[in-house]
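**Q** structure for this input, please:
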Amino acid sequence: MRREPSGMSAGASRLSATERASEGGSRYRLRDLFTPLDTLLVAGGDLRLALDPNDRVNAYGCAASPEPELWNFASSTASTISQAAYERAALAREELMHKCLFDEVEIAFDARCEDMRQELRGHFQLSPRVDIVFSPSGTDSQLHALFLARAVLGAPPVTIVVGADQTGSGTPHTARGHHFSTMTAGGIAVRKDGAVTGLAGDSIAVPLINMAAGIAMRADADAAIMRAIETSLAQGRHVLLQIMDSSKLGWRAPSEACLDEIARRWPRKVQIVVDACQARLGRRRLRAYLDRGYMVLMTGSKFFGGPAFSGALLMPKGFSRAVDRLGGIAPGIFDYAGRCDWPMAWTALRSRFERRPNFGQWLRWEAALAEIGSYYSVPGAFRAKMLAELAAGIDSMIALSPLLRAIPAAIEKPGADDEEFAQATIFPFTLLRGGKPVSIAETAAVHRGLARDMNSDISGSAADRQVAVQRCLIGQPVRLERQDDAPQAVLRLCVGARLVTEAWSPDAVQAQTHVQHILDRIAHVLVKIELLLDRGAAAVVPEKPAYEV
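**A** Predicted coordinates for the structure are as follows:
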């Protein structure tokens, strides 16, 4: 059974979303902004944001407030908010409170969201004609993309998901227009995997991993994608093709040549949306995607290190005309967006939606914008040089460990559009014992043990205890299914924007010292992994029931 968001009056709950949007009046008051900042930062999202009542972290091990003593190499999953981003969120809230003394909350909030769109365009050097739709997460943005693709294509499309084995756990649901959780960000109870009214459709999964080759990218990925498109079009259906840049393992597909062939053969029949939620792509490549007419899914909470979750859908110029022509609206989309999420220029569409500010979503984006701005204030030459040095150092350290086996990179030969992301920033590896991968359970135990002070759980030398005490986060395990064998899991060391920002100094010697300090920390993390494996992590690290691999 569905329920209305908490705080809505009984009378209002009997109105449809469209009726509530048109009746005017404010359900949000200035006092809502006086909620403790930590509470607001985890509000307005789905159940993934929930904090464990005991350790006060979410399922990814991240707290709502800064933890500077925690070493973070987990930007492929989620990061704990930095002090600078936390202060930006606090200041943004104060500024909005002040503006609300002179305007209604929704009016002041709407204006700030529009300013944030302009700020984000500025950081990415995008055209003013690129529209931005905000959302609570990249998963929510996938539903927005499906909703808008139906408008552009003029018919319900079949969604083809490239890299379906390396995308978010909600994607198999959103690709079919289904609910991905039991609760929406608006606080509405829904049935997970139940159809979002008016959005339900079909999807085709195109996995990228070839497990027979020892966790490598399949060689026929382009051909598999082309076959899926041909089959769908032959059935008289339009296609929403969700391509990958980049995956949980740092892979990108399809190839540039494949994309060119799709554009040549099927103009206006295949709408492409880029899953760039990891945000590990150069600004030139991002602009190239938009110039081609692709939609782009983005988050501020992966590479850039903003607090989880914050989503955005970047819309190429010209799409606003299709939005203006939009007639009927899938009723289920009202549960996944408020008026302020849509660009102000989309007046007709916005008028159909409820005035429903999402303060948590907004503050997480304020924090993410602080990180994005700081990253791009670092000279490009230093960004590229540092990422190259970290990549070489991490590759070398993983290769030297007898207990770790690196997963090979699987992207095209880097081009000028990749800029600093010509270097890998996600470093996946499996854990070994006796030359064979350890179980998923033990991989998960190692991941949990890294985030804990293990000094009292692991006996050993003073040096061992010094290693064990340090808390650190790395990318959450990725579960990989194998056809004729037990599944296995991969861990990931991740380089994020915050490492670059904190290492930068105009003094070259000082900057190099900072880079070496980061490499020393990474070495420490790898030693702790080996220590946990040597002691049998599953035996010494308590299992956490809510933990998900």
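**Q** rest of the way, CA atoms for contacts and neighbours
**A** Noted.
**Q** in a helix, that's where Pro477 is, yeah?
**A** No: using DSSP: H, G, I helix; E, B strand; the rest coil, the assignment for Pro477 is strand, not a helix.
**Q** list the contacts of Val152.
**A** Neighbour list for Val152: 319, 322-323 [criterion: CA atoms under 8 Å, 6 or more residues apart in numbering].
**Q** so, low pLDDT: which residues of the stretch 351-500 of the chain?
**A** By pLDDT under 70, the weakly predicted segments of the stretch 351-500 of the chain are 410-412.
**Q** and for the chain?
**A** In the predicted model, the chain carries pLDDT under 70 at residues 1-28, 213, 410-412, 538, 544-549.
**Q** tell me, which helix in it spans the most residues?
**A** helix 508-535 (DSSP state H).
**Q** which strands and helices sit next to that one?
**A** Taking 3 or more CA pairs under 8 Å, 6 or more residues apart in numbering; DSSP states H and E as contact, the helices and strands that helix 508-535 lies on are helix 380-400, helix 440-450, helix 462-469, helix 497-503.
**Q** out of the ones you listed, which gets nearest to Met97?
**A** Nearest to Met97, of all the helices and strands packed on helix 508-535, is helix 497-503, at 28.7 Å by CA to CA.
**Q** in that closest one, what counts as buried?
**A** The neighbour-count check on helix 497-503 (16 or more other CA atoms under 10 Å) flags 497-501, 503 as buried.
**Q** for these, which one is nearest Phe147?
**A** The closest of the buried residues of helix 497-503 to Phe147 turns out to be Ala497 (CA to CA; 31.4 Å).
**Q** can you verify my assumption that the closest one contacts Gly305?
**A** Yes: counting by CA atoms under 8 Å, Ala497 touches Gly305, with 6.6 Å between them.
**Q** give me the number of residues near the nearest residue to Leu532 once chain neighbours are set aside?
**A** Excluding the flanking residues, the one nearest Leu532 by CA to CA, 6 or more residues apart in numbering is Val446, at 6.2 Å. Val446 has 26 neighbours, counted by other CA atoms under 10 Å.
**Q** of all the helices and strands packed on helix 508-535, which one comes closest to Gln361?
**A** Each of the helices and strands packed on helix 508-535 has some distance to Gln361 by CA to CA; the shortest is helix 497-503, at 20.5 Å.
**Q** how about residues contacting the closest one?
**A** Helix 497-503 is contacted from outside by 303-305, 371-372, 374-375, 378, 383, 386-387, 511-512, 514-515, 518, using CA under 8 Å, 6+ apart.
**Q** quick one: contacts of the host helix or strand of Leu233?
**A** When elements are assigned from DSSP states H and E, Leu233 belongs to helix 221-234. For helix 221-234, contacts defined as CA under 8 Å, 6+ apart pick out 158, 160, 162, 204, 206, 208, 238-239, 253-255, 258, 262.
**Q** show the buried residues in those.
**A** Applying 16+ other CA under 10 Å to the contacts of helix 221-234 flags 158, 160, 162, 204, 206, 208, 238-239, 253-254, 258, 262 as buried.
**Q** which of these sits closest to Glu530?
**A** Once CA to CA is applied, the member of the buried ones among the contacts of helix 221-234 that ends up nearest Glu530 is Leu208, at 29.3 Å.
**Q** the closest one against Thr167, yeah?
**A** No: counting by CA under 8 Å, Leu208 stays clear of Thr167, with 10.5 Å between them.
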